[in-house]
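Asker: When you get a sec, could you give me coordinates for this:
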Amino acid sequence: GLIEDFTGTVEVNGINIQEDPLAVKALLGYVPENAELYDVLTPMEYLDFIGKLYGMEDNLILERSLKLLTAFGLESNANNRMDTFSKGMRQKVLLISGIIHNPQIIVLDEPLSGLDANAVIFVKELISLLAKEGKTIFYCSHMMDVVEKVSDRILLINQGSIIADGTIEELKTDPNESLEHIFAKLTNTGNSALDASNIITAIQ
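Answerer: Here you go, the predicted model:
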């Protein structure tokens, strides 16, 4: 990382991250928010590159790439250069690259960014199925309604500090309370509606 460690140790599945970082990385899948891809490559070429980084066999890379591209509706674009792709299409390729090696731990940073409504539904279902398979998924998002629906455990972070940790039911003080309302209450931003009304007044 960019920030050096201070004290203590970090272990993933019993593996010390300082002693064997490559073994830990092999367990991880990561999908960033911004679709930064090698534009001159096709999805097949890019996924072949990613698969080789994870030490996958060529035939397995080919098989999974074709199956995953088809599942995401990109089979007809499998051999097209990605510099012609929309943000949603690029995001789908990123999602595929994050799971092609069947990682045990998946980190998703705003994974729904740029996706159309059908793709959003598909990815939500995928997250649910991956969790049922026993995968550990870290889902980072500002979309509280989505977080509330897909998460077993929720950590709310404000200005770098954890301000709440638990299931959605544990965080609620009212049965009808939403996660968005909980966050607003904990961060003292409950007056956002007043701020919004001031903006409307200003432009009238």
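Asker: which residues are in contact with the lengthiest helix in the chain?
Answerer: Scanning the chain for the longest helix, with DSSP state H as the assignment, gives helix 117-132. Helix 117-132 has contacts (Cβ atoms under 8 Å, 6 or more residues apart in numbering) with 72-73, 88, 92, 95, 99, 106, 108, 111-112, 115, 137, 139, 146, 149-150, 152. Heads up, the C-betas are built off the backbone N, CA and C, glycines and all.
Asker: Which residue ranges of the protein form helices?
Answerer: Taking DSSP H, the helices of the chain run over residues 21-25, 43-53, 58-71, 87-99, 117-132, 144-150, 168-171, 179-186, 192-203.
Asker: Please name whichever of these is nearest to residue 12.
Answerer: helix 21-25 (4.7 Å; Cβ to Cβ).
Asker: Could you list the buried residues of the closest one?
Answerer: residue 24 (16 or more other Cβ atoms under 10 Å).
Asker: Give me the average confidence score over the longest helix of the chain.
Answerer: Averaging pLDDT along helix 117-132 yields 90.
Asker: Compute the inter-axis angle for it and helix 58-71.
Answerer: Angle of helix 117-132 versus helix 58-71, following axes from the mean of the first three to the mean of the last three Cα atoms, to 10 degrees, is 130 degrees.
Asker: With respect to burial, which of the helices of the chain scores highest?
Answerer: helix 87-99 (a mean of 21; mean count of other Cβ atoms under 10 Å).
Asker: what residues does that helix touch?
Answerer: Residues contacting helix 87-99 (Cβ under 8 Å, 6+ apart): 29-32, 35, 37, 43, 46-47, 50, 65, 68-69, 72-74, 77, 82, 85, 106-108, 111, 113-116, 119, 123, 130.
Asker: Out of the helices of the chain, flag the one nearest residue 13.
Answerer: That would be helix 21-25 among the helices of the chain, by Cβ to Cβ, at 7.9 Å.
Asker: The helix or strand bottoming out on mean pLDDT in the chain versus helix 179-186: what angle between them?
Answerer: Ranked by mean pLDDT, DSSP states H and E, the weakest helix or strand in the chain is helix 192-203, scoring a mean of 72. Helix 192-203 and helix 179-186 are oriented at 90 degrees to each other (the same axes, to 10 degrees).
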